[in-house]
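Q: Here is my input, please return the structure:
(chains A and B)
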Protein chains: 2
Amino acid sequence: MVAVGDELLLGDIVNGNAAWLGAQLAAVGAPVVHSSMVGDTVERIATAVRRALEDADVVVITGGLGPTSDDLTREAVAQVAGVGLVRSPTIEQELRAKFAAYGVDMPQAVLKQADVPEGAAPLDNPVGTAPGLRIEVGGALVFAMPGPPHELTAVFAVASAELRTLSGGVGLTRTLHCAGTGESAVAEVVERTVTVPEGVDLAYLAGGGVVRVRLTTVAPSEADADAVLAPLLDALADALGSAVFGRDDDSLPGVVVARLLAAGSTVAVAESLTAGLVGAALTEVPGSSAVFRGGLQVYATDLKAGLAGVPQAVLDAHGAVSPQTAAALAEGVRSRLGATYGLALTGVAGPDEQEGHPPGTLHLAVAGPGGTRTRSVRLPGDRARVRLLAVTSALDLLRRTLP
Amino acid sequence: MVAVGDELLLGDIVNGNAAWLGAQLAAVGAPVVHSSMVGDTVERIATAVRRALEDADVVVITGGLGPTSDDLTREAVAQVAGVGLVRSPTIEQELRAKFAAYGVDMPQAVLKQADVPEGAAPLDNPVGTAPGLRIEVGGALVFAMPGPPHELTAVFAVASAELRTLSGGVGLTRTLHCAGTGESAVAEVVERTVTVPEGVDLAYLAGGGVVRVRLTTVAPSEADADAVLAPLLDALADALGSAVFGRDDDSLPGVVVARLLAAGSTVAVAESLTAGLVGAALTEVPGSSAVFRGGLQVYATDLKAGLAGVPQAVLDAHGAVSPQTAAALAEGVRSRLGATYGLALTGVAGPDEQEGHPPGTLHLAVAGPGGTRTRSVRLPGDRARVRLLAVTSALDLLRRTLP
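A: Next up is the predicted model:
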């Protein structure tokens, strides 16, 4: 892989594309052996691509396909392939049509995105202007992909399909997702439950309060691969019990939405320190409008009473950051927004203390037909991390409460 | 830079170290020209380091210094330098002492962390066990650093100090942040306003509805560098006008919070399609509690009337997705939450249409002491992208409304 962009070398942005692509390529049986980041000059891009062609049969380049003078991937690929750039009338027409559809004037500079190294095939970009490119160089295959992640995702699908066919092997990944348990505890259960056979890779991925157990293998077909992985996964899920909230492509918000839907239930949220992150997470899930009523961002303390109906007596007796206030918030938002469940969070994100409570303090509550349950935890990390972990903790409490 | 680790190539983790190091190295006048990620084999690490030595005077390796059989950076560096590994009694003693201090038995495997390529100097690691390494190869300098980010931060300080002295130069970056204008349009203005002098690098970074214009140069001192960059930046800011919301480390939420604070004003939000993302963005900013009252996540249509006080007549006449409803939401949340400004969003994230409006439809409104203004746009992209761009558009409208 070759990622192009000065901003990567200067540290303006993190190379998230490399991580995404690395996983994608491993899954189609074409694991990455080397990955580079280079700056926006034809010479450096060309050097990196040439070196990549020494190492591998397939080279995937990301970035440098934009319309500005910094965008030099097309030129570099042409140089490596020993060909010139040709202006494609078809692509030019498509570019003009794209701008027209949005009612925006097309700047002249965009026309360079219609240039194609001679012999290269353009790959359609339905979510941006720059087409991807596919070109054979010697016996190897070079793909040039757009840098913006949402465009990369859209354009890479075509390359991915071709690579899967070429590799003749299928990589399969099966994953268990756990919440509410730490990585070491999960590892302990895993290690006493299964012996990982030859050819299967087991990895733990931890982040944002979620611990994932990932099994990978390569086999001639997906069915062969799953015959190896499925029994291992089932054994682990059994041993890990209620810590497991989902498998494979499941997400915690997705699982919560699916279970609310199955129960014909709705939820409303009352958020203080997270100020909207929980509602945002739930509504990332398509179809969440059937289960998510809405919520109250009760950031200022007085709004906990004014908006969510927390009795002033509770605030006076226990303060804004307490399990009692969390419970009252959950019951209040459940009632005022007419939801089956109310989910509430109150706590201290930091860096300052609040009412004598240290950063990381979190009180959660779920109010439902069966009553109200609360949970109090102390979260590690800085402000951003505390808020992120609070979202996971809240959604996990709701998940564990749902039938 | 060479980052070592299979997990990087498989996409298990993102190479955050490269971004951090890239910024650090640019700041000491030693900008990165090439960055690699390779797997855990001596051959691949050595190849990457040799290639890096063709490109640069300084090579920084991260990872592969741990105690396991996968940790092969010491071996690879020794190979490249054409020397053997020597067990250092001093480091061995320090390792034993570190484990003793924690009352933990030292596994035998840890002893390999006392191996040093002949001629290399160890660099102290106060927060982990593996020392870093510094070795001269030919006329170039090779540093090997631990992979875990908190260890890298601690050990790199020594290397950083040496590099600053060697480079005789300081790298400075100045950035303009723009919103409400596309990348091509910004580039057009930039290109007709300034000619970029030799030694100054200009780059465009676009994402999430924000376009950044970044200028970089290296000079003997920061003052010298700023003497070159500041006039360019000022000229560009002048030409780009109200599109510019900030410079350097500014963020759009940060600028909005700072301006509300300066005006002694507060804001409350009414969010439909974004369901909390705007509140979350504002409260990422430390100190936002002085200006952010809270908000209403009015996801379900009935809540726009019930919670935010949108008159039923407005909903009946214009529907939930309209400028009139946006205006009523902004006025309603301003009043009900007792804020100086109300900021409201209503629209269609997709993938489905709503009330006949296509995905990407967005109506914004800001209600304030001077009245209510609305703005309607059509956003591109999928559900996630529409929501992300909606947040930027809303914050930008608020920014442009504030005094």
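Q: Please make it C-alpha for all contacts and neighbour counts, starting now.
A: Noted.
Q: Nearest to chain B: which residue in the stretch 151-300 of chain A?
A: Nearest to chain B, among the residues of the stretch 151-300 of chain A, is residue A:276, at 3.5 Å (Cα to the nearest Cα).
Q: How about that residue, nearest residue that isn't a chain neighbour?
A: The shortest distance from residue A:276 to any residue other than its chain neighbours is 3.5 Å, reached at residue B:276 (Cα to Cα, 6 or more residues apart in numbering or on different chains).
Q: The one you found: neighbouring residues, count only.
A: Residue B:276 has 33 neighbouring residues, counting by other Cα atoms under 10 Å in any protein chain shown.
Q: who's in contact with residue A:391?
A: A:274, A:277, A:278 (Cα atoms under 8 Å, 6 or more residues apart in numbering or on different chains).
Q: one more time with 10 Å
A: Contacts for residue A:391 were tallied using Cα atoms under 10 Å, 6 or more residues apart in numbering or on different chains; they are A:208-209, A:253, A:271, A:273-274, A:276-281, A:345, A:397.
Q: So residue A:59: helix, strand or coil?
A: Assigned by DSSP: H, G, I helix; E, B strand; the rest coil, the conformation of residue A:59 is strand.
Q: who touches it in this structure?
A: A:1-2, A:32, A:34-35, A:49-53, A:137, A:140-144.
Q: and residue A:105, helix, strand or coil?
A: Judged by three-state DSSP, the three-state class of residue A:105 is coil.
Q: Same question for the one 4 residues further on.
A: Classification of residue A:109 by three-state DSSP places it in helix.
Q: Now it: closest residue in space that isn't a chain neighbour?
A: residue A:67 (5.6 Å).
Q: cool, residue A:71 as well?
A: Nearest residue to residue A:71 in three dimensions, chain neighbours excluded: residue A:64, at 4.2 Å (Cα to Cα, 6+ apart).
Q: so the one you found makes contact with residue A:73?
A: Yes: Residue A:64 lies in contact with residue A:73 (Cα atoms under 10 Å); the separation is 4.9 Å.
Q: overlap in contacts of these two?
A: Shared contacts of residue A:64 and residue A:73 (Cα under 10 Å, 6+ apart): A:3, A:4, A:5, A:40, A:41, A:42, A:45, A:144, A:145, A:146.
Q: Among the residues you listed, name the ones in helices.
A: Within the shared contacts of residue A:64 and residue A:73, residues falling in helices by DSSP state H are A:42, A:45.
Q: Pipe the shared contacts of residue A:64 and residue A:73 into CSV and attach neighbour count per row.
A: Formatted as CSV, the shared contacts of residue A:64 and residue A:73 follow (neighbours: other Cα atoms under 10 Å in any protein chain shown):
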residue, neighbour count
A:3, 29
A:4, 29
A:5, 27
A:40, 22
A:41, 18
A:42, 22
A:45, 30
A:144, 29
A:145, 29
A:146, 28
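Q: In JSON lines: the shared contacts of residue A:64 and residue A:73, plus distance to chain B and pLDDT.
A: Formatted as JSON lines, these follow (distance: Cα to the nearest Cα, whole Å; pLDDT from 0 to 100):
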{"residue": "A:3", "distance to chain B": "9", "pLDDT": "97"}
{"residue": "A:4", "distance to chain B": "10", "pLDDT": "97"}
{"residue": "A:5", "distance to chain B": "9", "pLDDT": "94"}
{"residue": "A:40", "distance to chain B": "9", "pLDDT": "95"}
{"residue": "A:41", "distance to chain B": "10", "pLDDT": "96"}
{"residue": "A:42", "distance to chain B": "13", "pLDDT": "97"}
{"residue": "A:45", "distance to chain B": "10", "pLDDT": "97"}
{"residue": "A:144", "distance to chain B": "18", "pLDDT": "98"}
{"residue": "A:145", "distance to chain B": "16", "pLDDT": "97"}
{"residue": "A:146", "distance to chain B": "13", "pLDDT": "97"}
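Q: which one of the shared contacts of residue A:64 and residue A:73 sits closest to residue B:235?
A: Distance to residue B:235, by Cα to Cα, is smallest for residue A:40 among those, at 24.1 Å.
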